[in-house]
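Trainee: Take this sequence and fold it.
(one chain, ligands or ions: 1)
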Amino acid sequence: MTPGFLTAFGASLLAGAVTTAGIFMIRRHETWAREQATLFACFAAGVLIAVSFLHIVPRSFAMNPRAPMFLFAGYLFMHVFNRFITAYVCDRPETSGYALGLVPLVGIGVHSFLDGVVYSISFSVSAFTGALVAIGMVLHEFPEGIVTYTLLVRGGFAEKRAFVLAFLAAAITTPAGTLVSYPFVSVVDPPVLGLLLALSAGALIYVGATHLLPQAEREPRRYSLVALGAGILVAVGIVLSAG
Ligand SMILES: [Zn+2]
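Mentor: Residues are numbered from 1 along each chain as shown. Below is the predicted model of the structure:
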């Protein structure tokens, strides 16, 4: 076991724990958790957007001249993937409530697994890149846990079963993704790693700018702009102090 693996796996375990905390809090303190979820989403969006534009994208471009194509592909893949999940649910009004909860659950499972792969990639590039990614990614797991649980309860699942399913799909899949991908990702040549990093940058920009931000705009809370600004400040601060 290398130090790189231990930090990547540690970060993904933390991500899984934060998802679980989100699921737990939405069960126990619903109003409080919903308010916090927006703030977490805004802060995470700020970190993810800043980190992607200021560190990950330039880093990947420096590692491989073909990286721009992969950046674009990563973004587009996330869009198509989410589109597919949404279309599947919305185009079938006759689907039962259970399917309504289960179909996005598969999507969330795949997404959370890929989150784990992103930890493998970023920590393989460097501990610094990994840590930057982890700040934004770990925080976005809190609203992710809440969304997953809410979808299942709306789909008609009993609370206990929704808790277990949300934990399996959104929490445990992230460390699993790191565990499965790390042995492969950590041994690829730097130019190939640059392409993988560009792919993850596309995905991170999607999560930050296309997924989290509009969600925050739809639910305007007093401190959402402050949280976004704080996320940006933290990321910019770290990037500048290292540069
Ligand atoms: Zn995620």
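Trainee: after the lowest-mean-pLDDT helix or strand in the chain comes which helix or strand?
Mentor: Every helix and strand of the chain was ranked by mean pLDDT, DSSP states H and E. The lowest is helix 213-218, at a mean of 78. Toward the C-terminus, helix 213-218 is succeeded by helix 224-242 as the next helix or strand (DSSP states H and E).
Trainee: per-residue confidence at A33?
Mentor: Looking at A33, its pLDDT is 84.
Trainee: follow-up on the earlier one: now for the least confident helix or strand of the chain, which elements pack on it?
Mentor: In terms of contacts (3 or more Cβ pairs under 8 Å, 6 or more residues apart in numbering; DSSP states H and E), helix 213-218 is packed against helix 30-51, helix 224-242. Just so you know, the C-beta spots here come from the backbone N, C-alpha and C atoms, and that holds for glycine as well.
Trainee: Which elements pack onto the one helix or strand F9 maps to?
Mentor: Taking DSSP H and E as the definition, F9 sits inside helix 3-28. Applying 3+ Cβ pairs under 8 Å, 6+ apart, one finds that helix 3-28 contacts helix 30-51, helix 97-125, helix 127-154, helix 159-166, helix 173-185.
Trainee: May I see the buried residues of whatever helix or strand comes next after the first one?
Mentor: It stands for helix 30-51. Remark: after helix 30-51, the chain's next helix or strand is helix 57-63, criterion DSSP H and E. Buried residues in helix 57-63, counting neighbours by 16 or more other Cβ atoms under 10 Å, are found at 57, 59-61, 63.
Trainee: can you list these in CSV and add pLDDT and distance to P104?
Mentor: Below are those laid out as CSV (pLDDT from 0 to 100; distance: Cβ to Cβ, whole Å):
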residue, pLDDT, distance to P104
V57, 95, 29
R59, 92, 32
S60, 94, 30
F61, 96, 34
M63, 95, 34
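Trainee: re the thing from before, contact partners of the least confident helix or strand of the chain?
Mentor: 38, 41-42, 45, 49, 143, 224, 228 (Cβ atoms under 8 Å, 6 or more residues apart in numbering).
Trainee: Just give me the closest of those residues to S124.
Mentor: I49 (22.6 Å; Cβ to Cβ).
Trainee: for the residue nearest to V138 when sequence neighbours are not counted, what are its contacts?
Mentor: Leaving aside its sequence neighbours, V138 sits nearest to A15 (Cβ to Cβ, 6 or more residues apart in numbering; 4.9 Å). By Cβ under 8 Å, 6+ apart, A15 lies in contact with 115-116, 119, 134, 137-138, 141, 174-175.
Trainee: what's the answer for P143, then?
Mentor: Contact analysis of P143 by Cβ under 8 Å, 6+ apart lists 22, 37-38, 40-41, 44, 212, 215.
Trainee: Now tabulate those in TSV and tack on distance to G194 and neighbour count.
Mentor: Below are the contacts of P143 laid out as TSV (distance: Cβ to Cβ, whole Å; neighbours: other Cβ atoms under 10 Å):
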residue	distance to G194	neighbour count
G22	33	27
A37	34	24
T38	35	21
F40	30	25
A41	29	28
A44	25	28
L212	26	28
Q215	31	17
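Trainee: Now distance to V110 too, for the helices and strands packed on helix 213-218, in a markdown table please.
Mentor: Output for the helices and strands packed on helix 213-218, formatted as a markdown table (distance: least, Cβ to Cβ, whole Å):
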| stretch | distance to V110 |
| --- | --- |
| helix 30-51 | 19 |
| helix 224-242 | 26 |
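Trainee: any idea which of those is most buried?
Mentor: Using mean count of other Cβ atoms under 10 Å, the stretch among the helices and strands packed on helix 213-218 with the largest mean neighbour count is helix 30-51, at a mean of 23.
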